[in-house]
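1. can you look at this prediction? I've put the sequence above it.
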Amino acid sequence: MTKAHRLSRRNFMQASALSMAPWLARLSISAGAIAATACQQHESQSGFVALTASQADDLGAIAARIMPTTETPGATEAGVIHFIDAALAEAMSDRKPPIEAGLIQFNEALKAAHPTASKFSALSETEQDDFLRTQEDTALFNSVRVMTLWGMFALPQYGGNKDYVGWELLGFEGRPNAWQYPFGYYDAQVHNAEVGDE
């Protein structure tokens, strides 16, 4: 990965984090419900809980362009769509109707722009990116962007961040004991100093 690409991803995540703040308090309150739904989904192997296969395909494809697969894993490898499904099934169920309505409008705009395309994921990556630029100001795109970031970097028990690929992208060394001191290489000097004082 080039330095410019790494900085581009980092800048994107930092900028997007600003728009996530109002949602984070809600996520912390609702995390248990999201985790329970995600676990139930994986245990039952029944596919998606809140989404139809078509909706999951559309949202998964959008997420995959927001956090694309490059030299490092993206939303697809992180299983972001499973996080989104679990969230819409329980803790964020009130967001499901507007997202469903947004998907209808999204596909109507897609059909107008690409009459021969059967679905968004059928377009080339370049065509997908070009079309998404026309959708950046929609409520659907902004909702999917926020949930994509959550699904990339939340604890895996919530359905996304599969195999901790999101944390590895950030260089976070917390797994599997994320909240046990010391927290990683960035805490090593403090930890070693305290051990030396004993």
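-> Okay, I see it. Keep in mind it's a predicted model, so treat the numbers as computed, not measured. Numbering: from 1, shown residues only.
2. low-confidence stretches in the protein?
-> 1-46, 173-198 (pLDDT under 70).
3. residues touching Gln135, list them.
-> Contact analysis of Gln135 by Cβ atoms under 8 Å, 6 or more residues apart in numbering lists 106, 109, 141. In short, each C-beta sits where N, CA and C put it, glycine included.
4. my guess is the second one meets Arg133, correct?
-> No: if you go by Cβ atoms under 8 Å, Ala109 and Arg133 don't touch, sitting 11.9 Å apart.
5. so for these two, which residue has more residues nearby?
-> Legend: neighbour count by other Cβ atoms under 10 Å for Ala109 and Arg133, higher for Ala109 (14 against 10).
6. and the more buried one, what is it in contact with?
-> 131, 134-135.
7. among those, name the ones in helices.
-> Cross-referencing those against helices under DSSP state H gives Phe131.
8. pick the one among the contacts of Ala109 closest to Gln55.
-> Gln135 (15.9 Å; Cβ to Cβ).
9. excluding chain neighbours, what is closest to Ile81?
-> Spatial nearest neighbour of Ile81, excluding adjacent residues (Cβ to Cβ, 6 or more residues apart in numbering): Gly60 at 3.9 Å.
10. who does the helix or strand harbouring that neighbour touch, helix- and strand-wise?
-> Here Gly60 is covered by helix 53-66, with elements defined by DSSP states H and E. Counting by 3 or more Cβ pairs under 8 Å, 6 or more residues apart in numbering; DSSP states H and E, the packing neighbours recorded for helix 53-66 are helix 75-78, helix 80-89, helix 96-113, helix 125-133, helix 139-153.
11. out of the ones you listed, the one nearest Gly159 is which?
-> helix 80-89 (3.9 Å).
12. packing partners of that closest one?
-> Helix 80-89 packs on helix 3-44, helix 53-66, helix 139-153, going by 3+ Cβ pairs under 8 Å, 6+ apart.
13. show me what contacts Leu110?
-> For Leu110, the contact set (Cβ under 8 Å, 6+ apart) comprises 117, 119-120, 131.
14. just confirm Thr148 contacts Met67, I think it does.
-> Yes: Thr148 is in contact with Met67 according to Cβ under 8 Å; the separation is 5.6 Å.
15. between those two, which contacts overlap?
-> Listed as contacting both Thr148 and Met67 by Cβ under 8 Å, 6+ apart are 75, 80.
16. buried residues, the helix holding Gly60. List them.
-> The neighbour-count check on helix 53-66 (16 or more other Cβ atoms under 10 Å) flags 55-66 as buried.
17. before we move on, what about stretch 150-162?
-> Buried, per 16+ other Cβ under 10 Å, within stretch 150-162: 150-162.
18. and the helix or strand containing Gly166, what does it pack against?
-> Using DSSP H and E, Gly166 maps to helix 165-170. Contact partners of helix 165-170 among helices and strands, from 3+ Cβ pairs under 8 Å, 6+ apart: helix 75-78, helix 139-153.
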